[in-house]
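Colleague: need the 3D shape of this:
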Amino acid sequence: MTRSPDSFVLPRLYAIIDPAQVGDRPPVEVAAALLAAGVQLIQLRDKHASSRELYQSAQWLAEYVRAGGGVFIVNDRADVALAVDAGGVHVGQDDLPVESARALVGPGKIIGHSTHVLEQVREADRSTADYIAFGPIFPTTSKENSDAVVGLDGLREARKATRKPLVAIGGITLENARAVIEAGADSMALIRGLVGAQDVRKRAEKFLEQVAEAVKGKG
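Modeller: Predicted coordinates:
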């Protein structure tokens, strides 16, 4: 998958599939429910898989999400994203630097970058990252050794620190989703609160409704 550098429009809802959070359901089944609900951006995040296991899961999901009209992102591993022709890669503070990932996947792929403090946001703003993730906004149990909670006030400051698309992540629920968008996030990334639901499609539809209402309210 290739793109013009200026063609990427960040969807309002960013789904992250973590096998540790979906129970016994195959990731492809979860992706199918997300796509059916209208989710357009899906990431695979698997911190415990071997390189081969991650490659195989990413290959299946890349093909499935692409066929469903969505964009597929691989977490951490630029090499796997390149190997399966994913839409892009998302890198954290302990992964390849953004420019190294860019050199590997090329200018036609999407690169996201995780940040947790304002200086990291400013650094990512100067990079070729296509979007910046910031958080955790609220307390979360989806990530081991989670960083300090930044809150909605922190999100508002991050919004001032970058003109790039900003993704809020961490502890986002149906109850606080609207506040996240109102605080300046262009998109919200969800793991357990979305893919851990018994009915993933229905939960995704409810989040999309909340986002639509928040955007309408801002307009």
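
Colleague: from the chain's centre, how far out does the worst-scoring helix or strand of the chain on mean pLDDT sit?
Modeller: Every helix and strand of the chain was ranked by mean pLDDT, DSSP states H and E. The lowest is helix 200-218, at a mean of 90. Centroid separation for helix 200-218 versus its chain: 16 Å, with Cα atoms, centre = their mean, to the nearest Å.

Colleague: for it, packing partners?
Modeller: The helices and strands touching helix 200-218, judged by 3 or more Cβ pairs under 8 Å, 6 or more residues apart in numbering; DSSP states H and E, are strand 13-17, helix 27-37, helix 177-182, strand 187-190, helix 192-195. In this view, the C-beta of every residue, glycine as well, is placed from N, C-alpha and C.

Colleague: can you rerun that using 7 Å?
Modeller: Counting contacts by 3 or more Cβ pairs under 7 Å, 6 or more residues apart in numbering; DSSP states H and E, helix 200-218 packs against strand 13-17, helix 27-37, helix 177-182, helix 192-195.

Colleague: what's near enough to touch residue 186?
Modeller: Contact analysis of residue 186 by Cβ atoms under 7 Å, 6 or more residues apart in numbering lists 10, 165-167.

Colleague: show me where pLDDT drops low in the protein?
Modeller: 1-7, 142-145, 219 (pLDDT under 70).

Colleague: now do the helices in this protein.
Modeller: Taking DSSP state H, the helices of the chain run over residues 27-37, 51-67, 78-83, 98-105, 118-125, 151-161, 177-182, 192-195, 200-218.

Colleague: between the fourth one and helix 118-125, how big is the angle?
Modeller: Read it as helix 98-105. Interaxial angle, helix 98-105 versus helix 118-125 (axes from the mean of the first three to the mean of the last three Cα atoms, to 10 degrees): 40 degrees.

Colleague: indicate which one of the helices of the chain is closest to residue 21.
Modeller: Residue 21 lies closest, by Cβ to Cβ, to one member of the helices of the chain: helix 192-195, at 4.8 Å.

Colleague: which residues sit against that closest one?
Modeller: 15, 17-18, 21-22, 30, 141-142, 172-173, 200, 203-204, 207.

Colleague: kindly report the same for stretch 159-171.
Modeller: Here stretch 159-171 makes contact (Cβ under 7 Å, 6+ apart) with 10, 14, 118, 121-122, 125, 129, 131-140, 155, 158, 180, 184-189.

Colleague: one more time with 6 Å
Modeller: 10, 14, 118, 121-122, 125, 131-133, 135-140, 155, 180, 184-189 (Cβ atoms under 6 Å, 6 or more residues apart in numbering).

Colleague: now the end-to-end length of stretch 24-42.
Modeller: Start-to-end span of stretch 24-42 (Cα to Cα, to the nearest Å) is 19 Å.

Colleague: how many neighbouring residues does residue 69 have?
Modeller: Residues lying near residue 69 (other Cβ atoms under 10 Å) number 8.

Colleague: distance of it relative to residue 35?
Modeller: 7 Å (Cβ to Cβ, to the nearest Å).

Colleague: equivalent analysis for residue 14, please.
Modeller: Distance of residue 14 to residue 35, computed by Cβ to Cβ: 14 Å.

Colleague: list the contacts for residue 177?
Modeller: So residue 177 contacts residue 210 (Cβ under 6 Å, 6+ apart).

Colleague: kindly report the same for residue 121.
Modeller: So residue 121 contacts 115, 132, 158, 161-162 (Cβ under 6 Å, 6+ apart).
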